[in-house]
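# Fold the following for me, if possible:
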Amino acid sequence: VTLKNEGQKNLLVKASVEGDEVFNFLKIADVIWSLFEKVLNAGAQENVEVELSVPFEFSNLGSKQGTLMFWGTGIQ
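Residues are numbered from 1 along each chain as shown. Take a look at the predicted model:
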């Protein structure tokens, strides 16, 4: 995923995930999604890896739906 700050302020970027329980295993930049934070300077962009690493023991198979949202808060 490419995060891009086209604004005039630096941003603290975080993520939120909603949907089926399998998405509790979603990682962004090698950390679980709920712990992800990235400072993105004004005018900058950065690629971050998004990975769904489902444990072998997970037994709830089938089609799943979820939403991943990135949001940023202006910082000094």
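
# which residues in this protein form strands?
2-4, 10-19, 26-28, 31-32, 37-40, 45-47, 50-52, 66-75 (DSSP state E).

# out of these, nearest to residue 59?
strand 50-52 (15.9 Å; CB to CB). To be clear about C-beta, it is placed using only N, CA and C from the backbone, and glycine gets the same treatment.

# So what are the sheet partners of the closest one and their directions?
Note on strand 50-52: by DSSP bridges, its sheet partners are strand 26-28 (antiparallel).

# Residue 9 against residue 44, yeah?
No: Residue 9 sits out of contact with residue 44 when judged by CB atoms under 8 Å, with a separation of 11.5 Å.

# tell me the most buried of the strands of the chain?
strand 26-28 (a mean of 20; mean count of other CB atoms under 10 Å).

# so how far is that strand off the chain centroid?
Here the centre of strand 26-28 is set off from its chain's centre by 6 Å, with CA atoms, centre = their mean, to the nearest Å.

# Stretch 24-41 too?
The chain centre lies 5 Å from the centre of stretch 24-41; the measure is CA atoms, centre = their mean.

# Dump it to PDB, restricted to CA.
The C-alpha trace of stretch 24-41 is given here as PDB (Å, rounded to 0.1, in the frame of the first residue of the first chain):
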ATOM      1  CA  ASN A  24      -7.400  -9.700  13.600                       C
ATOM      2  CA  PHE A  25      -4.200 -11.300  12.100                       C
ATOM      3  CA  LEU A  26      -3.600  -8.500   9.700                       C
ATOM      4  CA  LYS A  27      -0.200  -6.900   9.900                       C
ATOM      5  CA  ILE A  28       1.000  -3.600   8.500                       C
ATOM      6  CA  ALA A  29       4.700  -2.900   8.200                       C
ATOM      7  CA  ASP A  30       5.400  -6.100  10.300                       C
ATOM      8  CA  VAL A  31       3.200  -5.100  13.200                       C
ATOM      9  CA  ILE A  32      -0.400  -6.000  14.100                       C
ATOM     10  CA  TRP A  33      -2.700  -3.400  12.500                       C
ATOM     11  CA  SER A  34      -3.900  -2.000  15.900                       C
ATOM     12  CA  LEU A  35      -0.300  -1.000  16.800                       C
ATOM     13  CA  PHE A  36       0.600   0.500  13.400                       C
ATOM     14  CA  GLU A  37       1.700   4.200  13.500                       C
ATOM     15  CA  LYS A  38       3.700   6.100  10.900                       C
ATOM     16  CA  VAL A  39       4.800   9.700  10.700                       C
ATOM     17  CA  LEU A  40       4.400  10.900   7.200                       C
ATOM     18  CA  ASN A  41       6.000  14.300   6.500                       C
END
